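Colleague: Here is my input; please provide its structure:
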Amino acid sequence: MIPFEKELELIHNDQIRNTTSKILCHMPAWFMKEGASSTGKYHPQYAQGEGGLYRHTCAAVKIFADLIELEQNKDIYWTRDWVLQHLYYMICASMVTMILLQNILSLNILFL
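Modeller: Predicted structure coming up:
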């Protein structure tokens, strides 16, 4: 299983999914080992320790997807509205890559 495979499956637009996959191909090895927080102050227990950043990112995407699937939200996002569907895909892609990019930029590492 590749990292974020389940999260990428939520993106049903080939262009957005493929672009996100290309970004993730450049993910440094430390990302999978890093904890979500160095202090543990602002993140839940499951996001602490080795692999915490990865688990935290997966949980954020899962929570977003679950919120969209709530009965009161289904009609809003799963209409035939192309813009809303693509917004959903872009949000999923952004959540998967944002934490990765945020951590790399904070270290001033250019990886692309």
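Colleague: Going by neighbour count, which residues of the helix or strand where residue 89 lies are buried?
Modeller: Assigned by DSSP states H and E, residue 89 belongs to helix 82-106. Using 16 or more other CB atoms under 10 Å as the test for burial, helix 82-106 gives 88-89, 91-93, 95-97, 99-100, 103-104. For every residue, glycine as well, the C-beta is placed using N, CA and C.
Colleague: Just the closest of those residues to residue 34, please.
Modeller: Set against residue 34, the nearest of the buried residues of helix 82-106 by CB to CB is residue 103 (7.1 Å).
Colleague: Ranking helices and strands of the chain by mean pLDDT, which lands last?
Modeller: Ranking every helix and strand in the chain by mean pLDDT, DSSP states H and E puts helix 71-77 at the bottom, with a mean of 71.
Colleague: low pLDDT regions in this protein?
Modeller: Counting by pLDDT under 70, the chain shows low-confidence ranges at 1-2, 74, 76-82, 103-112.
Colleague: Closest to the centroid, which residue in this structure?
Modeller: Central residue of the chain (CA atoms, centre = their mean): residue 96, 1.9 Å from the mean position.
Colleague: Please verify my assumption that it contacts residue 9.
Modeller: No - counting by CB atoms under 8 Å, residue 96 does not reach residue 9; the two are 11.4 Å apart.
Colleague: Please enumerate the shared neighbours of the two.
Modeller: When contacts are counted by CB atoms under 8 Å, 6 or more residues apart in numbering, the set common to residue 96 and residue 9 is empty.
Colleague: Residue 53 touches residue 34, doesn't it?
Modeller: Yes - the criterion here is CB under 8 Å, and residue 53 meets it with residue 34 at 4.3 Å.
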